[in-house]
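Chemist: Below are the sequence and a predicted model; questions follow.
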Amino acid sequence: MASLRLGQVGDAGLRAAVCVPISQVLLAGAGYVLLALAARTMPAAGFAVISAFYLLLNTIGRGVFASVELETSRVLAAADAAGRNGRPVLATAMRRAAVLLVAAIALSLAATPLLPGVDVALALALGSCTMAASYCVRGPLAARRRFGPYSLTFVVEAASTLLGAAALALTGVETVVGWAAVLVLSPGVAAVLVALRTSGVGLFVRMRTSWSAEDREAARGSEHRVVMTALIWTSIFYLSSQGVWNLAPVSVTSALAAAPSEAAGFVAVAVILRAPVFVFPAIQAVLLPSVAAAAHHDDRRGTRRALRPPLLLLAAASIPWLLAATLVVPGLARTVFAVQEVPPWPATTTLAASTLIGAAAFVLQTRALAFRRHRDVGLAWLSGLCVLGLVSAVPGDPRLWGALAQLAAAVVVLVGVLLADGRIGRIHDEAGLPAASVHEASDADGSGAEPTAVDRRHA
C-alpha cells in the first residue's frame with residue numbers, strides 16, 4: 001500500500017488553505033452588512049422581501065452549484081494523479097453545470113409566488129447564472145490546491161457586495177431590484193476577475209474550447225469525468241442542507257405573522273447563528289483532495305487522520321460558541337438588525353448547538369464522499385430536511401419548536417453520515433475487498449462517481 005502524508009502542502013500552501021474559511025467568513029459578513037444597511041434604508045416590507053431573496057439565492061444558487069465545485073475538484077485531482085489531460089474533466093463539468101443551471105432557473109421561476117413580482121424572480125434566475133460561473137471557477141482551483149486564488153473569489157465577492165450595499169445606502173435606494181442586483185452580480189464579478197487572473201497558470205486558458213467535439217470525444221473515453229448521477233446526489237444534499245439552515249426562520253416567520261416583532265427577533269438571531277454554514281463547503285473542499293488520495297490507496301486510517309484536526313478544532317470551539325450564542329448574540333441581533341425582541345435563551349442555544357452538529361456532519365461526510373457514498377449523504381440531508389418540516393409543525397411556541405426542528409434535523413443528518421461511514425467499513429471488512437473493489441461496490445448504490453486520487457506532488 002502506498003503511503004501518503006496527508007495535508008502536506010508546505011507552509012505557503014498551509015497559509016493559503018487557512019485563508020479559505022477566513023474568506024468565507026468575510027463573505028458571510030458582507031451579506032449581513034448588506035441586510036443591516038437594507039433594514040435601515042428600505043421600508044419594513046421591502047426589507048422582508050430582500051431578506052427572503054437573500055435566503056432563496058443561497059438555497060438555490062449555492063445549493064445547486066456547490067456540487068459542481070466539489071465534483072470537479074475531486075475528479076480533476078484524480079486526472080492529475082494519473083497524469084491525464086484535465087480538459088475532458090472541465091468539458092464534462094461545464095456541460096453538467098449547464099444542465100443544473102436549467103434546473104436552478106426553473107426553481108427560481110417557481111419561487112415567483114414567494115416574491116413581489118416577476119422582475120425579482122428573474123433577478124433570482126440571473127443569480128443562478130452568476131453562482132454557476134463562480135463555482136465552475138472554484139472547482140479547478142480547489143483541485144490544484146490553489147487556495148490563494150480560491151479564497152480570492154470569496155474576498156472579491158464580499159468586496160463587491162459591500163461596495164454595492166454602501167452605494168445603495170448612501171443614495172437611499174429603496175427598490176428591491178436594486179438591492180437584489182448587488183447580491184446577483186457580486187458572484188459573477190468575482191468569477192470573471194479571478195478567472196482572468198489565474199488563466200496565466202493554465203487553469204482556465206483552455207476552458208474556452210471545452211465544448212469542442214475533440215474534448216467531448218475525449219471525455220466519453222476517459223475514466224476521469226464528472227458523472228451526472230454523482231452531481232445530482234451531491235446537489236440533493238447541498239439543497240437539503242441549505243433548506244435545513246434557511247427554512248426554520250421562514251417557518252417561524254409564517255407562524256408568527258401576528259407577532260412580527262417576535263418573528264423578526266428570531267430571524268435575526270437565526271441569521272447570525274447560521275454564519276458558520278458559509279464555511280462548511282470551503283472546509284470540505286480543502287479536506288477532500290487529501291481524503292480522496294487516502295481512499296484511493298485504501299488508507300482508511302489516513303482518511304480518518306485527515307479529518308481529526310478539524311474535528312478537534314470544532315470540539316475546542318463548542319463551549320465558547322454556545323456561550324457566545326447565549327450571552328452575545330441576542331445583543332448583537334438588537335444592534336445589527338434593530339430588533340426589539342429576541343427569542344428565549346433555550347431557543348438561541350438550541351440553534352447554536354444545531355450549527356455545531358451540522359459542522360461535524362459536514363466534516364465527516366467528506367470521507368463518505370471520498371468513497372463515493374453520494375447517495376447516502378444526499379439521503380441523510382434529505383431526511384434531516386423532512387424531520388425539520390415535521391418538528392416545526394408541532395403546536396407550541398414557534399420559536400422554540402423552530403429551533404428544536406433545526407437541531408433534530410442536524411442530529412438526523414449526523415446519524416445518516418455515520419451510518420454511511422459504517423457501511424464503507426462493512427463493505428471492506430466483510431468482503432475482504434481491495435481498494436478498487438471498494439469503489440466498485442460503492443458504484444452499486446447508483447452514485448456512479450469516478451475513482452478518486454490526488455497527485456503526490458499536491459499531497
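Modeler: Received the coordinates, thanks. Residues are numbered from 1 along each chain as shown.

Chemist: ok, Pro113 - how many residues close by?
Modeler: Using other C-beta atoms under 10 Å, Pro113 has 6 other residues around it. Every C-beta, even on glycine, is put in place using the N, C-alpha and C of the backbone.

Chemist: The one 3 residues further on now?
Modeler: Counted with other C-beta under 10 Å, residues neighbouring Pro116 total 16.

Chemist: Quickly find the element holding it.
Modeler: Of the helices and strands defined by DSSP states H and E, none includes Pro116.

Chemist: pLDDT at it, what is it?
Modeler: pLDDT recorded at Pro116 is 74.

Chemist: gap between the nearest residue to it once chain neighbours are set aside and Thr303?
Modeler: The shortest distance from Pro116 to any non-neighbouring residue, by C-beta to C-beta, 6 or more residues apart in numbering, is to Val49 (5.6 Å). Taking C-beta to C-beta, to the nearest Å as the measure, Val49 falls 45 Å from Thr303.

Chemist: surely Ala30 meets Thr161?
Modeler: Yes. Counting by C-beta atoms under 8 Å, Ala30 touches Thr161, with 4.1 Å between them.

Chemist: distance between the lengthiest helix in the chain and the chain's centre?
Modeler: Longest helix in the chain, counting residues (DSSP state H): helix 398-431. Offset of helix 398-431 from its chain centre (C-alpha atoms, centre = their mean, to the nearest Å): 18 Å.

Chemist: and what of stretch 168-176?
Modeler: Relative to the chain's own centre, stretch 168-176 is displaced by 29 Å; criterion: C-alpha atoms, centre = their mean.

Chemist: got the contact list for it?
Modeler: Here stretch 168-176 makes contact (C-beta atoms under 8 Å, 6 or more residues apart in numbering) with 37-38, 40-43, 46, 49-50, 53, 116, 120, 178-179, 182.

Chemist: 7 Å instead, please
Modeler: By C-beta atoms under 7 Å, 6 or more residues apart in numbering, the list of residues contacting stretch 168-176 from outside reads Leu37, Thr41, Met42, Pro43, Gly46, Val49, Ile50, Pro116, Val120, Gly178, Trp179, Val182.

Chemist: Now that we have those, which of them are buried?
Modeler: Those of the contacts of stretch 168-176 that meet the buried threshold are Leu37, Thr41, Met42, Gly46, Val49, Ile50, Pro116, Val120, Gly178, Trp179, Val182, by 16 or more other C-beta atoms under 10 Å.

Chemist: which sections of the stretch 1-150 of the chain are below the confidence cut-off?
Modeler: Within the stretch 1-150 of the chain, the stretches with pLDDT under 70 are 1-18, 44-45, 80-86, 114.

Chemist: can you rerun that using 90?
Modeler: Residues of the stretch 1-150 of the chain that meet the criterion pLDDT under 90 lie in 1-29, 32, 38-56, 58-100, 107-108, 110-121, 135-150.

Chemist: hey, where'd the helices end up in it?
Modeler: Counting by DSSP state H, counting those that start in this stretch, one finds helices in the stretch 1-150 of the chain at the ranges 10-41, 44-57, 63-81, 87-110, 118-143, 147-171.

Chemist: Brilliant, that's me finished.
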